[in-house]
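A.B. asks: sequence and computational prediction follow.
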Amino acid sequence: MQRDISKRRAVKRAAGTLMIVVTLNALAGAAHAASPVQAIRAVAENILGRDTVRSVRLADEGGTAVIRWESATYRTANKSEVTRELLYAEAALTVGAILGALSEIRRIHFTMVRGSQVLARGDSSRVRPLTVAYEAALGGGTYTATNAPVRPAAPGGDRAAQEL
C-alpha cells in the first residue's frame, strides 16, 4: 500500500516537472520571436490568461520588467489567508516563467490588481527570491519564501541540534 502511494507521488512529481519543462520550452520559443515587451506579455498571459496583463514596460536599459496584471486567482469569497497564498503562487508562477523564458530580463517589479483595487506588489530577480507585499485589505505585510534546505533528523536525535 505504502509502495503504491510512493509510486503515485513519484509519477505525479515527474508529470508536473515534465509539464513545467514543456511549458517553459514553448514559452521560450514564442518569446524569442517577439520584442521584449511583447514577449513578456505573451509569457505572462500564457500563465495568467488572455488579456490579463494591463501594462508592461522595461526599465534599467531593458534589464528590469515592470508589469501590472489582473489577478487570475483573486476571489472575494476566499478568506484572506487563502487569497494571500493564491496570490503568492500566482506571482511565483508568472515571475518564474518570465525569468525562465527571457534571459535578458534580470529583475521584475509587479503589481497585481482586481479592477482598480491594488491587491499586492512584488519584486523578484535572478539573485533575490520573490517578495510580495500585500495591501492593507489583505492584512498587509510582506512575504518572502525561504528556501532553506531541511535535513532529515536521525531517529531519536535532537532535531534542533541537527539544523545548525
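C.D. replies: Great, that's in hand.

A.B. asks: ok, Ala92 - how many residues close by?
C.D. replies: When neighbours are defined as other CB atoms under 10 Å, Ala92 has 16 of them. The C-beta positions use only the backbone N, C-alpha and C, and glycine is treated the same way.

A.B. asks: in CSV, list the C-alpha atoms belonging to the helix or strand it falls within.
C.D. replies: Taking DSSP states H and E as the definition, one finds Ala92 inside helix 80-101. Provided in CSV are the C-alpha atoms of helix 80-101 (Å, rounded to 0.1, in the frame of the first residue of the first chain):
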residue,chain,number,x,y,z
SER,A,80,-7.6,36.4,3.5
GLU,A,81,-5.1,33.6,4.2
VAL,A,82,-6.3,31.7,1.2
THR,A,83,-6.2,34.8,-1.0
ARG,A,84,-2.6,35.6,0.1
GLU,A,85,-1.4,32.1,-0.6
LEU,A,86,-3.1,32.1,-4.1
LEU,A,87,-1.6,35.5,-4.9
TYR,A,88,1.8,34.4,-3.9
ALA,A,89,1.6,31.2,-6.0
GLU,A,90,0.3,33.2,-9.0
ALA,A,91,3.2,35.7,-8.7
ALA,A,92,5.7,32.9,-8.3
LEU,A,93,4.5,31.1,-11.4
THR,A,94,4.3,34.2,-13.5
VAL,A,95,7.6,35.7,-12.5
GLY,A,96,9.3,32.3,-12.7
ALA,A,97,8.1,31.8,-16.2
ILE,A,98,9.2,35.2,-17.4
LEU,A,99,12.7,34.9,-15.8
GLY,A,100,13.0,31.3,-17.1
ALA,A,101,12.0,32.2,-20.7
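
A.B. asks: packing partners for it?
C.D. replies: If you count contacts as 3 or more CB pairs under 8 Å, 6 or more residues apart in numbering; DSSP states H and E, helix 80-101 packs onto helix 2-32, helix 36-48, strand 64-70, strand 107-114, strand 117-125, strand 131-134.

A.B. asks: can you list the weak-confidence ranges in this structure?
C.D. replies: The chain contains residues with pLDDT under 70 at 1-33, 146-164.
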